[in-house]
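Enquirer: Fold the following for me, if possible:
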Amino acid sequence: MFKANEVLRVLALLHSAGSDVWVAGGWGIDALVGKVTREHRDLDLIHRIEQEPLLIKTLETAGFIEKPAWPGRPVRFVMSDLNGLELDLHPLLFHSDGSAVQSADDHGGTFPYPADSFVAGLIEGVQVPCLSAAQQVYFHQGYEPSDRDRHDMAQLRDAFGITTHF
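Expert: All right, here's what the predicted structure looks like:
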């Protein structure tokens, strides 16, 4: 399981190397609500596609290696270390207005990220860049939710009074 101190270590490592990353997924929701609400098996990170070579080199130096994933590139890729820490990495192409897009498939489809999707939250009292509650809700649509997904959406409803579809 991915612990808060490990999240902060990975974020500090990437930040010190000059990689812009935002926490997404379950850890991103925990950052938004400002507390750890459940166990996490991985860490989802959003990054600038043009910084990907630096990000990969930094992570490889820290002992992470790329492993097969589905869906894989260009949508996302996964890196893990010998201790079993797994990073789910999502490359974004940013526009001059601060918005971004992520590949959705091999056929040119994209996921939109409005400029206001990029906010800050707290993990163990440390401010971290993360995705907004609205963007988190957007990504939790169109599939059968797991118990973790239901838990995460409940956290956002309780913390922000927003509507989710489950």
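
Enquirer: so where do the strands sit in this structure?
Expert: Secondary structure of the chain by DSSP state E: the strands cover 21-24, 43-48, 65-67, 77-80, 86-94, 100-103, 110-113, 118-123, 126-131.

Enquirer: Residue 11 is nearest to which of the ones you listed?
Expert: strand 126-131 (5.8 Å; CB to CB). C-beta coordinates here come from the backbone N, C-alpha and C atoms, glycine included.

Enquirer: What are the buried residues along the closest one?
Expert: Buried residues in strand 126-131, defined by neighbour count with 16 or more other CB atoms under 10 Å: 128, 129, 130, 131.

Enquirer: quick revisit: right, so the strands of the chain: which one is the most enclosed?
Expert: Highest mean neighbour count among the strands of the chain (mean count of other CB atoms under 10 Å): strand 21-24, with a mean of 24.

Enquirer: hmm, who's touching stretch 49-57?
Expert: Contact with stretch 49-57 is made by 14, 17-21, 47, 66, 79, 89, 91-93, as judged by CB atoms under 8 Å, 6 or more residues apart in numbering.

Enquirer: can you list the strands of the chain in a markdown table and add distance to residue 155 and mean pLDDT?
Expert: Converted to a markdown table, the strands of the chain look like this (distance: least, CB to CB, whole Å; pLDDT from 0 to 100):
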| stretch | distance to residue 155 | mean pLDDT |
| --- | --- | --- |
| strand 21-24 | 14 | 98 |
| strand 43-48 | 15 | 98 |
| strand 65-67 | 29 | 97 |
| strand 77-80 | 24 | 98 |
| strand 86-94 | 19 | 98 |
| strand 100-103 | 23 | 97 |
| strand 110-113 | 21 | 96 |
| strand 118-123 | 12 | 98 |
| strand 126-131 | 13 | 98 |
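
Enquirer: what residues are up against the residue nearest the centre of the chain?
Expert: Closest residue to the average C-alpha location of the chain: residue 24 at 2.6 Å, with CA atoms, centre = their mean. If a contact means CB under 8 Å, 6+ apart, then residue 24 has 44, 45, 46, 90, 130, 131, 136, 139 as its contacts.

Enquirer: How much space separates the first one from residue 28?
Expert: To tie it back to what came earlier, the one meant is residue 44. Using CB to CB, to the nearest Å, residue 44 is found at 7 Å from residue 28.

Enquirer: The second one now?
Expert: Counting by CB to CB, the gap from residue 45 to residue 28 is 9 Å.

Enquirer: got any residues that touch both of those two?
Expert: Residues touching both residue 45 and residue 28 by CB under 8 Å, 6+ apart: residue 22.

Enquirer: rewinding a little: which one of the contacts of residue 24 sits closest to residue 151?
Expert: Using CB to CB, residue 136 comes nearest to residue 151 of those, at 12.6 Å.
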